[in-house]
Each structure stands twice: as C-alpha cells, then as structure tokens.
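>>> Give the three-dimensional model of this entry:
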Amino acid sequence: MQLTAKGLYEYKLESVDSVFRATLSVERESEGIEIVRVKIEADAPAVPPIFNLKFSHPVIDVQGVWHPNALYQKSIRADWIPLLDSKSTSSAPVVSLFGGKGVNRLTFAFSDVLNVIKYDAGLHEETSDFNCIVAMFDTPTPELASYEAELRIDIREIPYYTCLGDVSKWWSEYESNKPSRVPAEALEPMYSTWYSFHQELTPEAIEEQCRLALSIGCKSVIVDDGWQTADNARGYAFCGDWQVCEEKMIDMKAHVGRVHAMGLKYLLWYSVPFIGVNSEAWTRFQNKLLYKMDHLGAGVVDPRYPEVREYLISIYEKALLDWDLDGFKLDFVDVFQQQEQENESADPGRDIASVPQAVDVLLSDVMSRLRAIKPDIMIEFRQPYISPLMRKYGNLFRAGDCPNDAVQNRIRTLDIRLLCGDTAAHADMIMWNPNEPVDSAALQLINILFAVPQISVRLETLPQKHLDMLTFWLSFWREHRDVLMHGQLQPQHPEQLFPLVTARNHDRSITAVYNDCVVSIDAAATQKIVVVNGTRGDRLIVETAKPIGARKVRILDCMGVAVSGFEIDGEQSLLSLSVPPSGLVILESV
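Below is the predicted model of the structure:
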C-alpha cells in the first residue's frame, strides 16, 4: 500500500497490504505551516502492520538537528542511524532542523504522544536530502479498529525555539494532553536529599538541612530514596510495600509536621513500577508483572490490571492523608513497556489491552485522586519522561541525573524548557566539592539559571564564601524569576550547546554567557539589562548593536559584592568589561 499527498512536500504513507484501509490528506494552517492527516481503519479490531509516513527536505543551510533527547549530539544524523522513538512516558515526536543563525528550516511534530512512535530526519548521502519519517506500530501493538493522527509541518524562517514553543502549544490544545496547573510552590528553589544523603536518611539530618536550606531561600524539600528501607545497597529489591522504615524515620507524620512548621513544603520519592522480590507485595503481584529486572531485584507491575492501578493509587493517597505531604517524586515510569510476547502464566483480569493506555489511565487517576485531597499537589517527573502527555500528570519536569556536571545540567534544562510550556522546569540537583574555588562552584548555579534550582549538598559543610555565593544566586534567581521562567527564552546555537542564553520581558533582559563570545545587546527599550559571566574568565565583550541610552553600570562578583560602578552613554559601540569569573554586570537606565 502506498498513498501520496502533496503540500509543502510530497508525503507518502507506506505499508504492506492488510485488512487496514488508510487515507492521507494535507491542509494548510497558515503561511509556512500545514497539517498532514493520517487515518487508518479496519472492519474489525486487528494488529496493524507498520505504517511509515515519509517526505524529504533538502540540506540547505542546515547546521544542526534538535530533538528532545539530543543532549550533546545536536549534529546532523545519517539516515542509516537507528530511528528515534517516543511514547507517553519518554521524549516526544518532534525534530527541528536549524540554520547557522538558529533560524528554523524545518520543524515537524506528530500528534500521537501516547503510543510508541519512531521518527527521524536522517541525511541521505546520495541526494543530500533529509529523509524524514514517522513510523507507526513499529513496536508491539494491541489490536485496534481505527487510528487517527496529525503531522505538523513548519518551515517558517523564524527562530527554531519559537517553532518549538508553538509545537508545545499545539500539543497542549488537544484535550487529552491538557497540562496540569502549576502551583506557585513549584517555582520556588528546593532542597533534595539524593546526592547529599542517598539512602542514609534520618529525620534529624533532614530537618537540619531544611533549617539551613530555608535560610538561603529554599521553600521545599524532596526526600528521596531510603525512607522506606533499611537496605542501603541502592537497589529496588525492597520496593513495593512503601512502609516507613521505622529504624530510620521514626514517626513520619511528626517529622513532616516539623518541616512544615519551619515553612517548607514536603515531597516524597516513590519508584512507581517496581515490586521488589523481598517485598511483601511480591507474592501478591508476581503474576501481574510486565517483566522482571533481575539486576535490580524487582519486577515491573502491569498497569493493565485494575488491581495494580488501585494498589498504586491507594499507596500515594494514603501517604498524602496520613503524613500531609505536599507532593511526590514519581520515578521510573518510563519502564512501562508493551512486551513482544505476553506471559502465558500471568493471571487473568486485565481490563485494558494497551500498556500506554493503561499508564495513561493510571497516572490520570493518580492526579485526579490526589488533587481531590490537595488541589495544589506537586508531582515531579525526571527526564526523559517529560513528554507532552506527562504535562497532564505532573507539574515539575526535572533534568536527568548529571551530578556535579554544570554543562550537562544547562543543556538538559534548556532542552526541557524548549517544549515544556508553563510546566515548571527544574534543574538536576546541584552539588559540588566544598574545596572548589567559590567562583567555580558558582557555575553550578549559573548554568541552571533558566530553571528552578534544586540544591543537594550538605550545607553545614560549605565554607562561608560558598554559603554567601549560594545565598546570593538564589536571591538573584528569585528576584528575577518572572523573566527567567516566564520571559521570552532565546537559547542560541544549540549545535554549540547553548553558549549564550537570553530571557527577556517588557522591562528587563538577562543574558548568561557560557563561552568567550560577544554579547549583542539590542534591548534599547529595556529598563534593566543583566549579563552574567558564566565562565572562569574575567572579561565580557558587549556590543550595543543599537543605542541603548545612558546607563548606570554595576559589576558584582560571584557572591554579589559590588566591585565597580560607572556610567556609559549607551551609544552604539563595542565594550570590553572587566567582570569577575561567575560575576555579572547590570546596566540600568539613568
């Protein structure tokens, strides 16, 4: 079977002959944007064959390729490299080809963010074209009778980040993807116990860090793995019962109450899919598993059983009621996967055939039940489970684990920001060695300036200069949160891992410089201009591309201490400013 439809490109829908019929159509949405519609149906439910939607784009001024899991590899991909993939709990079906100045050449996105979709824009060497493909049903798929989806094509010559923002809005307009409301607390700095404690938790130690974290500007604590088990081997063999380990966490309700009394919110970690072989729940659910992960000492429960879904939901519901929690860190939801072969010895009683659909029901019901108790409940999901559908279930998206890696944290948080809309993008927990030079330690914060900070160091071990630096940057972040988190975000040169990033609104602009490059300022009407030196160098080169008017200039070091001040006339010019490493320059209208 092959169908063809013409629009901005010639689109082809290909599959083997089967009981399924298909239609392919194209509709122009606006200048440079069109929607390609795919409809597949059969007279009775059946397992569909693979359907491939294909088109080609010439390689003309394409300097890189952005997709949600690109990380360091934002380079052009060959068409013989394995396809990318996405599903409800991982990544997203979108690719953006951009030119040397960050201008969009082609951004395409697929509407099916529930099921496993394979996709890519791979360079075909013989023709110097991108072979663009979206593959449906290329992984185990249950029977279905009908399927509809849309491919959004955008070739407007505008910044790539604007196109990606429009894709995010497009996804959120589907009723099935409606994002969760983001409470104000989700946009406050948080303290996390993971890197600083791992599983070695006690109420006294947590509360001491909470007291110190509150003094530097944190408003919540996330208590990670370890509260539920005496085993500190960092495996998951004891997960599944989710009872408090009384040897560590004596009187959880009183402990949470003491943290609340300090003025902090309390979030608690759970690994959603895992039932450990050493848990009491193992006997109950060992025949209701999708598969086992022997190296972790656990199995992945099958959410297609209503008993499994109710068990998981009731665990979170009971914890919320018993301990007065404010949120949950729900981990590892990406390991829910439809298997090639069903386990013949599995118990009967599944009420949903599709694993992705069952996960959707599970997480939707989690949010519904928890919100009914506490409307402002916070739910954190970690990269890569940050798909458009995950915005429906959670309101915090955190960068994937990258301990002590400031550059990777920058890349990850910006990749999240490009697609997450108003969902709160959080940095991975930042940590550093207390013996670091203070301006080097400050880079951990400066690199995640455009995300909500999470801190995970033993605060009592930090030298006073480090505490001063941390206090200053958290204060700076909170003062400028509106522009940093809600202003127009402009991450430049993704192929160079975002060396220059600006956020701006009507009265201020904030630019962070991570490489030795020229910062072009064209915000003539902006009352306040801030340029942050995200390098270990002591100089910033600033170009006023247009006159910005007379300005008072203040230069601060990494602890917020003023080191110099003067005035400039603000005429068009090139300025070399002496700015300490990890310091900043503030230019305010006179």
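
>>> Surely Cys239 forms part of a helix?
No: counting by DSSP: H, G, I helix; E, B strand; the rest coil, Cys239 is located in no helix; its state is coil.

>>> which residues sit in contact with it?
For Cys239, the contact set (Cβ atoms under 8 Å, 6 or more residues apart in numbering) comprises 228-229, 271, 274-276, 279, 298. For glycine as for every other residue, the C-beta is placed from the backbone atoms N, C-alpha and C.

>>> How about Met469?
438, 441-442, 445, 558-560, 582.

>>> May I have the secondary structure class of it?
helix.

>>> ditto for Arg554
Going by three-state DSSP: Arg554 is strand.

>>> Which two of the contacts of Met469 have the greatest separation?
Ala441 and Gly560 (14.2 Å; Cβ to Cβ).

>>> of those two, who's got more company?
Ala441 (25 against 15; other Cβ atoms under 10 Å).

>>> Which helix or strand contains the more buried one?
Ala441 belongs to helix 438-446 when assigned by DSSP states H and E.

>>> I'd like the distance from that helix to the chain centre, please.
22 Å (Cα atoms, centre = their mean, to the nearest Å).

>>> next one: stretch 287-306
Worked out by Cα atoms, centre = their mean, stretch 287-306 lies 26 Å from the chain centre.

>>> now do stretch 118-135
Worked out by Cα atoms, centre = their mean, stretch 118-135 lies 26 Å from the chain centre.

>>> Identify the residues contacting that stretch?
Residues contacting stretch 118-135 (Cβ under 8 Å, 6+ apart): 50-59, 62, 65, 76-81, 83-86, 93, 95, 97, 106, 108, 110, 117, 138-139, 151.

>>> Ends of it, what's the gap?
End-to-end span of stretch 118-135 (Cα to Cα, to the nearest Å): 5 Å.

>>> Report the rounded mean pLDDT for it.
The pLDDT scores in stretch 118-135 average 98.

>>> in that stretch, what counts as buried?
Along stretch 118-135, these residues count as buried under the neighbour rule (16 or more other Cβ atoms under 10 Å): 118-123, 129-135.

>>> Show residues contacting stretch 285-297.
Against stretch 285-297 from outside (Cβ under 8 Å, 6+ apart): 235-237, 240, 273-278, 298-302, 305, 307-308, 311, 335-337, 339, 343, 345-347, 355.

>>> Now, these that are in helices?
307-308, 311, 355 (DSSP state H).

>>> Show me the two of those residues that sit farthest apart.
Tyr311 and Val355 (16.8 Å).

>>> So which of these two has more stuff around it?
Val355 (24 against 18).

>>> Phi first, then psi, for Ala184.
phi -60, psi -30 (degrees, to the nearest 10).

>>> Quick one: residues contacting it.
Here Ala184 is in contact with no residue (Cβ under 8 Å, 6+ apart).

>>> Using JSON lines, lay out the ones in helices among the contacts of stretch 285-297 together with distance to Lys374 and pLDDT.
As requested, the ones in helices among the contacts of stretch 285-297 are exported to JSON lines (distance: Cβ to Cβ, whole Å; pLDDT from 0 to 100):
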{"residue": "Glu307", "distance to Lys374": "25", "pLDDT": "98"}
{"residue": "Val308", "distance to Lys374": "24", "pLDDT": "98"}
{"residue": "Tyr311", "distance to Lys374": "21", "pLDDT": "98"}
{"residue": "Val355", "distance to Lys374": "29", "pLDDT": "96"}
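
>>> of all these, which comes closest to Gln488?
Among these, and counting by Cβ to Cβ, the member closest to Gln488 is Val355, at 38.5 Å.

>>> low pLDDT regions in the stretch 401-550 of the chain?
Applying pLDDT under 70 to the stretch 401-550 of the chain flags the ranges 523-525.

>>> Is it possible to get a markdown table of the buried residues of stretch 118-135 that adds distance to Gly102?
Below are the buried residues of stretch 118-135 laid out as a markdown table (distance: Cβ to Cβ, whole Å):
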| residue | distance to Gly102 |
| --- | --- |
| Lys118 | 27 |
| Tyr119 | 22 |
| Asp120 | 21 |
| Ala121 | 17 |
| Gly122 | 22 |
| Leu123 | 20 |
| Asp129 | 22 |
| Phe130 | 18 |
| Asn131 | 24 |
| Cys132 | 20 |
| Ile133 | 25 |
| Val134 | 25 |
| Ala135 | 29 |
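
>>> mind putting these in TSV, secondary structure included?
Converted to TSV, the buried residues of stretch 118-135 look like this (three-state DSSP):
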residue	secondary structure
Lys118	strand
Tyr119	strand
Asp120	strand
Ala121	strand
Gly122	strand
Leu123	strand
Asp129	strand
Phe130	strand
Asn131	strand
Cys132	strand
Ile133	strand
Val134	strand
Ala135	strand
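
>>> Farthest-apart pair in those, please.
Longest span within the buried residues of stretch 118-135, Cβ to Cβ: Lys118 and Asp129, 19.3 Å.

>>> Name the residues of the longest strand along the chain that are buried.
For the chain, the strand with the greatest residue count under DSSP state E is strand 33-46. Neighbour-count burial for strand 33-46 flags 33-36, 38, 40, 42 (criterion: 16+ other Cβ under 10 Å).

>>> just to revisit the earlier point, okay, who's weakest in the contacts of Cys239 by pLDDT?
Per-residue pLDDT puts Thr229 lowest of the contacts of Cys239, at 84.

>>> Can you list phi and psi of that one for me?
phi -150, psi 150.

>>> For it, list the residues it contacts.
199, 238-239, 245.

>>> average pLDDT for the longest strand of the chain?
Mean predicted lDDT for strand 33-46 stands at 98.

>>> Tell me the strands beside that strand, with direction?
strand 21-30 (antiparallel), strand 144-154 (antiparallel) (DSSP bridges).

>>> Export the contacts of Cys239 as JSON lines, with columns for distance to Asp17.
Below are the contacts of Cys239 laid out as JSON lines (distance: Cβ to Cβ, whole Å):
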{"residue": "Gln228", "distance to Asp17": "53"}
{"residue": "Thr229", "distance to Asp17": "54"}
{"residue": "Ser271", "distance to Asp17": "44"}
{"residue": "Phe274", "distance to Asp17": "42"}
{"residue": "Ile275", "distance to Asp17": "43"}
{"residue": "Gly276", "distance to Asp17": "47"}
{"residue": "Ser279", "distance to Asp17": "49"}
{"residue": "Ala298", "distance to Asp17": "43"}
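
>>> distance of Gly102 from Tyr160?
The gap separating Gly102 from Tyr160 is 6 Å, by Cβ to Cβ, to the nearest Å.

>>> More neighbours: which of those two?
Higher neighbour count among Gly102 and Tyr160: Tyr160, with 24 against 19, using other Cβ under 10 Å.

>>> Give me the spatial nearest neighbour of that one, chain neighbours excluded.
Phe98 (4.0 Å; Cβ to Cβ, 6 or more residues apart in numbering).

>>> In contact with that neighbour, which residues are there?
Contacts of Phe98 by Cβ under 8 Å, 6+ apart are 62-66, 104-105, 160, 494-495.

>>> Could you list which of these belong to helices?
Reading helices off the contacts of Phe98 with DSSP H, I get Tyr160.

>>> Check the contacts of Phe98 against Ala427 and report the nearest one.
Nearest to Ala427 among the contacts of Phe98, with distances taken as Cβ to Cβ, is Pro494, at 18.1 Å.

>>> which residues sit in contact with the closest residue to the closest one other than its chain neighbours?
Leaving aside its sequence neighbours, Pro494 sits nearest to Lys74 (Cβ to Cβ, 6+ apart; 4.9 Å). Contacts for Lys74 (Cβ under 8 Å, 6+ apart) come out as 64-66, 494-495, 497.

>>> ok, now Val59?
76, 123, 128-130.

>>> how about these in TSV, adding distance to Glu460?
As requested, the contacts of Val59 are exported to TSV (distance: Cβ to Cβ, whole Å):
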residue	distance to Glu460
Ile76	48
Leu123	53
Ser128	59
Asp129	59
Phe130	54
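
>>> give me the beta-bridge partners of Ser589?
The partner residues for Ser589, given DSSP bridges, come to Arg551.

>>> All set, thanks.
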